[in-house]
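In: Would you be able to build a 3D model of this:
(one chain, ligands or ions: 1)
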Amino acid sequence: MEIVIQLEQVSYRREQSEILKNMNWTVKKGEHWALLGLNGSGKTTILNLINGYIWSTLGKVSVLGELYGTVDVREMRKRIGWVSSSLQEKLHSNDKTQNIIISGKHASIGLYEQTTDQEVEQAFSLMTQLGCGHLFDRSYQSCSQGEKQKLLIARALMAEPRILILDEATNGLDFLSRESLLASIQQIAEQPEAPTILYVTHHIEEIMPVFNQTMMIRRGEVFRQGPSTQVLTNDTLSSFFETEIQVQQLNNRAWISIP
Ligand SMILES: Nc1ncnc2c1ncn2[C@@H]1O[C@H](COP(=O)(O)OP(=O)(O)OP(=O)(O)O)[C@@H](O)[C@H]1O
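Out: Have a look, this model is predicted:
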């Protein structure tokens with residue numbers, strides 16, 4: 001079984017505080033993971049370790065079979081797509097939607113190279129796949145928040161990454177836009193050549209059926225990890241949130257409430 005990400009006894013300390021504590025995590029090919037944790041629990045720190053923006057204080061981090069510390073992390077980053085809300089602000093808003101997507105191939109902000117017909121076709125095909133083909137040739141700034149998120153996912157996919165990180169992808173979306181985006185993510189993940197997806201969220205109902213594994217992080221530690229159906233239960237979620245939680249399964253998703 002091919003291992004995509006491995007964290008072995010990883011700790012990360014800054015000043016006096018231990019931000020991640022003895023974390024063990026293995027992501028295998030064919031799995032898609034949801035990362036669940038309250039604000040400040042350590043999710044972004046884990047993503048920064050995987051992208052090689054920070055180094056663990058203790059333990060080993062391997063990504064796509066490469067042990068960090070022995071590889072060029074800039075090369076690794078080309079194989080990892082990371083979609084976060086901070087990216088949205090950095091892009092040039094006057095650019096055409098397809099150029100925003102094609103710029104993902106060069107990992108650049110703005111497009112400085114001549115695009116080929118093949119790249120334009122690929123961008124259009126990704127837009128269609130994400131249900132936003134009608135946005136072709138529009139300016140990025142004229143698109144809604146939900147549409148922009150789909151374009152950013154298409155942009156990340158343009159580089160054909162092996163790992164796709166979706167970091168709070170539904171922030172600021174209304175109910176319908178959110179459901180539309182989640183359906184697109186589910187479709188992408190179902191494709192045989194899909195990258196391994198890490199889906200970071202605060203919202204349990206966003207854990208689509210394709211996210212077959214869930215890691216719950218609390219105060220810098222793995223609280224529980226494993227198959228989503230085994231982890232997203234009344235008992236586990238109640239002790240995770242330290243309050244009584246009731247889970248209802250609807251369309252293969254877990255919806256929670258406080259009884
Ligand atoms: N460089 C640093 N120096 C000191 N503390 C840090 C540093 N980086 C992160 N932290 C702290 O580590 C904890 C985990 O932060 P992190 O950003 O990983 O959380 P998160 O789970 O992504 O939170 P959120 O959901 O709010 O984005 C926080 O308390 C944060 O303040």
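
In: Show me where the stretch 51-200 of the chain dips below the pLDDT cut-off.
Out: 88-89, 107-113 (pLDDT under 70).

In: So which residues of this structure form helices?
Out: Counting by DSSP state H, the chain has these helices, from start to end: 43-50, 73-77, 85-90, 97-102, 117-129, 145-158, 175-190, 228-231, 234-241.

In: so which of the ones you listed comes closest to Met216?
Out: Distance to Met216, taken as CB to CB, is lowest for helix 234-241 among the helices of the chain, at 5.3 Å. Yep, even glycine has a C-beta here, placed from its N, CA and C like the rest.

In: Can you list the buried residues in the closest one?
Out: 236-238, 240 (16 or more other CB atoms under 10 Å).

In: one step back: out of the helices of the chain, which is the most enclosed?
Out: helix 97-102 (a mean of 26; mean count of other CB atoms under 10 Å).

In: Determine the set of other helices and strands touching that helix.
Out: The contact analysis (3 or more CB pairs under 8 Å, 6 or more residues apart in numbering; DSSP states H and E) places helix 97-102 against helix 117-129, helix 145-158.

In: who touches it?
Out: Applying CB atoms under 8 Å, 6 or more residues apart in numbering, the set of residues contacting helix 97-102 from outside is 91-92, 111, 115, 119-120, 122-124, 126-127, 135-140, 143, 151-152, 154-155, 158.

In: pretty sure Thr44 contacts Glu168?
Out: No. The criterion here is CB atoms under 8 Å, and Thr44 misses it with Glu168 at 9.6 Å.

In: what about stretch 199-210, near the ligand?
Out: No. Judged by CB under 6 Å from any ligand atom, stretch 199-210 makes no contact with the ligand; its nearest approach is 6.5 Å.

In: Touching, Glu2 and Lys29? I think so.
Out: Yes. Under the criterion of CB under 8 Å, Glu2 makes contact with Lys29 at 4.0 Å.

In: The residue nearest to Met23 when sequence neighbours are not counted: neighbour count?
Out: Spatially, and ignoring its direct neighbours in sequence, Met23 is nearest to Val10 (4.5 Å; CB to CB, 6 or more residues apart in numbering). By the criterion of other CB atoms under 10 Å, Val10 has 21 neighbours.

In: Read off the pLDDT value for Val10.
Out: pLDDT recorded at Val10 is 97.

In: on that earlier part again, between the helices and strands packed on helix 97-102, which gets nearest to Gly37?
Out: Within these, the stretch nearest Gly37 is helix 145-158; the backing value is 20.9 Å (CB to CB).

In: Those residues of the stretch 1-150 of the chain touching the ligand, which are they?
Out: Counting by CB under 6 Å from any ligand atom, the stretch 1-150 of the chain sits next to the ligand at 14-15, 17, 19, 37, 39-45.

In: Kindly reformat these as a markdown table and extend each row with pLDDT.
Out: Below are these laid out as a markdown table (pLDDT from 0 to 100):
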| residue | pLDDT |
| --- | --- |
| Arg14 | 92 |
| Glu15 | 86 |
| Ser17 | 91 |
| Ile19 | 96 |
| Gly37 | 92 |
| Asn39 | 90 |
| Gly40 | 91 |
| Ser41 | 93 |
| Gly42 | 94 |
| Lys43 | 94 |
| Thr44 | 93 |
| Thr45 | 94 |
